[in-house]
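Peer 1: the sequence isn't on hand, but the structure is:
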Ligand code: TRP
């Protein structure tokens, strides 16, 4: 056991690499694909404000908690929670969060890779110059035609899945650092170029107004739960991904600094993506609530009309695919870590098993956009893709996050937590305990209750 501990804690050779890897996990499709389209569907400003509050009040404490639990437990999330609860004589039932995370990971990865497959196809499409000079209509139709073809969507999903499994099999650190170090600043620059295009095309002011002028009359209770769930999704929280990375962290890493750095970076990238995309939406008179296709129906218009757009557009989607890859790798880490502790299977074998399970599940999401688009879950009217997306984002991740906050706030001895966080002043200790022990879990619980009441009322 002690041998394993040293091996693990060595994996990120310094704190900088850990921050890069965690940022690579956080920044992904959640920022560039999902945030803009759900902000559009939920009316913009008020939703964005609630999302920012969720990041601050819920996301940040839960991220600090996850890194801390990983660091203290030094194992896969399940094993880390078992280790910690045993060590401090608490109920080992709390490790249920770890098991939930494993299941959640399979579900998320299966549909995440489908969308990442769309991105991969768009790398090729943009580089080929197909969108040069294209108008909004042509771009929209091109996307519709792609989605309508299940074999094509299946092909690109499979390609992304194979690439992910390849990297997962080789181990988390290799390549991840390089990828994040260069692609993250590059994504940032390309988003600025897109925003520049928006300013030129004339949609930028409206985009700013849409995202930053809250209109609370348009905010439904469900939008609050969506914002809350997205805060977990975009920061990779609630299923043990960050906890699993935290298990490899060098002892001297500051939980607080790391958490704030990642949360700020992640939020800035999401807001920039939103600004860029809605500028295109308003410049071309498109609808903000276009749904999951929003990214693919807007960004190609801008690159199609920019000099060198085929090159930069291809590059943009390539960078988004890399961001999705570093996120996908992290989603599989809790499972990989757990199964390698419990069995003699090699990392590569486990990776292939994960790949097969996710591929089979993913076929359901592939078909949700064409052949099975009318097959819907009774009551909610969700396709297969919607069901996985909502079950994970609206239920499993917030529930996991709430339990994680409760573990750190009430199950672990306070002294251990304060020491790990380096909290010395009594005021600081009290505020932390109050936030993670009460504010965070109660906020999640309250949103659950409000939403449940609304659902029941709506269906009576
Ligand atoms: N945060 C990533 C994104 O925004 C997705 C992701 C990676 C994730 N690991 C996760 C989501 C763990 C939930 C849980 O694209």
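Peer 2: Looks like it came in fine. Quick caveat: nothing in here was measured; it's all calculated off a predicted structure. Numbers count the residues shown, from 1 in each chain.

Peer 1: ok, and what's touching the strand or helix carrying residue 156?
Peer 2: Take DSSP states H and E as the rule and residue 156 turns out to sit in helix 150-170. With CB atoms under 8 Å, 6 or more residues apart in numbering as the contact definition, helix 150-170 has outside contacts at 109, 113-114, 116-121, 146-147, 174-176, 321, 324-325, 328-329, 332, 336, 347-348, 351-352, 354-355, 358-359, 362-363, 365-367, 369-371. C-beta: built from backbone N, CA, C; applies to glycine.

Peer 1: so which bits of the next helix-or-strand element following that helix are buried?
Peer 2: Counting by DSSP H and E, the next helix or strand C-terminal to helix 150-170 is helix 176-201. Going by neighbour count (16 or more other CB atoms under 10 Å), the buried part of helix 176-201 is 176-177, 179-180, 183-184, 187, 190-191, 193-195, 197-198, 201.

Peer 1: the helix or strand following helix 176-201: which residues count as buried?
Peer 2: Note on helix 176-201: by DSSP H and E, the next helix or strand toward the C-terminus is helix 204-212. Neighbour-count burial for helix 204-212 flags 204, 206-208, 210-211 (criterion: 16+ other CB under 10 Å).

Peer 1: TSV for the residues you listed, including pLDDT and distance to the ligand?
Peer 2: Compiled in TSV, the buried residues of helix 204-212 are given as follows (pLDDT from 0 to 100; distance: CB to the nearest ligand atom, whole Å):
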residue	pLDDT	distance to the ligand
204	97	24
206	98	26
207	98	21
208	98	23
210	97	21
211	98	18
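
Peer 1: from those residues, pick the one nearest residue 78.
Peer 2: Using CB to CB, residue 211 is the member of the buried residues of helix 204-212 that lies nearest residue 78, at 39.0 Å.

Peer 1: got the phi and psi for residue 74?
Peer 2: Residue 74 adopts backbone torsions of phi 50, psi 50, taken as degrees, to the nearest 10.

Peer 1: that one and the ligand, how far apart?
Peer 2: Going from residue 74 to the ligand by CB to the nearest ligand atom, to the nearest Å gives 20 Å.

Peer 1: hang on, the earlier thing: and the buried residues of helix 204-212, which is closest to residue 256?
Peer 2: residue 211 (28.4 Å).

Peer 1: now do the contacts for the closest one.
Peer 2: The contact partners of residue 211, by CB under 8 Å, 6+ apart, come to 39, 44-45, 48, 271, 274-275, 278.

Peer 1: which residue packs closest to residue 422, ignoring adjacent ones?
Peer 2: Nearest residue to residue 422 in three dimensions, chain neighbours excluded: residue 254, at 7.0 Å (CB to CB, 6 or more residues apart in numbering).

Peer 1: with residue 337 instead?
Peer 2: Closest to residue 337 by CB to CB, 6+ apart is residue 76, at 3.4 Å.

Peer 1: which residues touch that neighbour?
Peer 2: Residues counted as contacts of residue 76 (CB under 8 Å, 6+ apart) are 98, 240, 244, 247, 334, 337-338, 340-341.

Peer 1: tell me the buried residues within these.
Peer 2: Among the contacts of residue 76, those scoring as buried are 98, 240, 244, 247, 334, 337-338, 340 (criterion: 16+ other CB under 10 Å).

Peer 1: narrow those residues to those in strands?
Peer 2: In strands, judged by DSSP state E, none of those are found.

Peer 1: look up how far residue 198 lies from residue 272.
Peer 2: Residue 272 sits 11 Å away from residue 198 when distances are taken as CB to CB, to the nearest Å.
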